[in-house]
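Colleague: Give me the fold of what follows.
(chains A and B)
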Amino acid sequence: MIASLARRIAFALGGVLLPFALLAQLALAQAPADDPAMTSRLKHLETELRCLVCQNQTLADSDASLASDLRREVRSLAMAGKSDDEIKTYLVNRYGDFVLYRPPVKTTTWLLWGGPFALLGCGALIWLAIVRRRRKTSAILPPGDGISDDAIAKARQMLYEEP
Amino acid sequence: MTRTWRFLLPLAVFGVLVAFLWVGLSRDPREVPSPLIGKPAPAFALEKLHEGGKMLRTADMHGQVWLLNVWASWCVSCRVEHPLLMQLAQARIVPVVGLDYKDKPADGRAWLAQNGNPYQVSVIDEDGRVGIDFGVYGVPETFVVDKNGVIRYKQIGPLTPEAIERKILPLVRELSKS
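Modeller: I've put the predicted structure just below:
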């Protein structure tokens, strides 16, 4: 008797509360922050931006209060419909290229971008020079397989036969 | 010929490496050059710390050379530069505007009452938004703004006697002439 009453109350309560729960769900779904596409976009953007207080961390990783302020700023700009590039420009205008984990290619950064390839090129040149020199010294040996049958026989004789 | 090369080349590489490391050691990696130098100071309209309800706008400072000093009651190194700011205020060379950054106004007022107030006026930037516009990332920071409202210099971290004597005061003098 009591159990059935409790069940009835529970049903009634559920009937009253369910619409609210659904409404809450709907409201959450409508808020752009909980839109999974927006969330993943913000997350991606935050990993591309540097926290200036703890300079080797991204905005996404940092607990610094400036980082949370900047995350808030990035979020509100994104909500306002700004593109990723516009948001990056906003931050670069205030903090410089240093906020970007991938600095743009320009006259002051060509060494940064091109340097590794230039070094690789140097390495390749040195390697080529060494290979060429080796080839020149090995050219003293007889052509063909390199070692003649006579030479092998002679070596065998020297190795295994008592003089 | 090749022999001298063999000897000189590693030495040259070593020399270049030492030069790079030497320069690298003498530079502060925390100092990020501000892109705002040579650009107009961001426009703000903020409530004054001591006159509730009254606003100060960037435009109000037009026509004079002025300093913007970013400070806060919670900022430890602000205490380091504070005596220098007091001296600067007493010398009456240049007006200093304080930006009370991410601070509770009551805390800011109490801090100034306790330590002395070097500012012609302080404004409240409680949520740090104007700080972001100025590219602030480490309090204290000090900006020199010219008569046309263009930022000419930025000091990151506490002011030092050298920075004031060698950079800020000469710059203020030069900017005041024109």
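Colleague: From now on I want contacts and neighbour counts done on CA atoms only, so please keep to that.
Modeller: Will do.
Colleague: In the chain, where is pLDDT below threshold?
Modeller: Going with chain A. A:1-34, A:138-146, A:162-163 (pLDDT under 70).
Colleague: Correction: the question concerned chain B.
Modeller: For chain B (pLDDT under 70), the answer is B:1.
Colleague: can you give me the strands in it?
Modeller: Here chain B has its strands, by DSSP state E, at B:45-47, B:55-57, B:66-71, B:96-101, B:121-125, B:141-145, B:151-156.
Colleague: Tell me how many other residues crowd whichever residue of chain A sits closest to chain B.
Modeller: In chain A, no residue comes nearer to chain B than A:R94, which is 4.6 Å away by C-alpha to the nearest C-alpha. A:R94 has 19 neighbours, counted by other C-alpha atoms under 10 Å in any protein chain shown.
Colleague: which non-adjacent residue is nearest it?
Modeller: B:G135 (4.6 Å; C-alpha to C-alpha, 6 or more residues apart in numbering or on different chains).
Colleague: quick one, what contacts the one you found?
Modeller: Applying C-alpha atoms under 8 Å, 6 or more residues apart in numbering or on different chains, we find B:G135 in contact with A:R94, A:Y95, B:S34, B:L36.
Colleague: thought the last one was touching B:I151?
Modeller: Yes: at 6.7 Å, B:L36 and B:I151 qualify as touching, with contact defined as C-alpha atoms under 8 Å.
Colleague: quick one: B:W111 from B:I164, how far?
Modeller: According to C-alpha to C-alpha, to the nearest Å, B:W111 and B:I164 sit 23 Å apart.
Colleague: Enumerate the residues of chain B near chain A.
Modeller: With C-alpha under 8 Å from any C-alpha of the partner chain as the criterion, chain B meets chain A at residues B:30, B:32-36, B:128, B:132-138.
Colleague: filter those to the buried ones?
Modeller: The neighbour count (16 or more other C-alpha atoms under 10 Å in any protein chain shown) marks B:S34, B:L36, B:G128, B:I132, B:D133, B:F134, B:G135, B:V136, B:Y137, B:G138 as buried among these.
Colleague: Save these as CSV, and put in distance to B:N69 too.
Modeller: As requested, these are exported to CSV (distance: C-alpha to C-alpha, whole Å):
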residue, distance to B:N69
B:S34, 15
B:L36, 15
B:G128, 14
B:I132, 14
B:D133, 14
B:F134, 11
B:G135, 13
B:V136, 11
B:Y137, 13
B:G138, 12
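Colleague: re the thing from before, is it possible to get the contacts of B:G135 out as TSV so that each row also shows distance to B:E174?
Modeller: Listed next are the contacts of B:G135 as TSV, based on distance: C-alpha to C-alpha, whole Å:
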residue	distance to B:E174
A:R94	26
A:Y95	27
B:S34	21
B:L36	20
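Colleague: ok, how many other residues are close to B:G131?
Modeller: 23.
Colleague: got a list of what it touches?
Modeller: Counting by C-alpha under 8 Å, 6+ apart, the residues that B:G131 touches are B:Y101, B:D125.
Colleague: now it: how far from B:L46?
Modeller: Using C-alpha to C-alpha, one gets 11 Å for the distance from B:G131 to B:L46.
Colleague: Please, where are all the helices along chain B?
Modeller: In chain B, the helices defined using DSSP state H lie at B:2-25, B:77-91, B:105-115, B:129-133, B:161-162, B:169-177.
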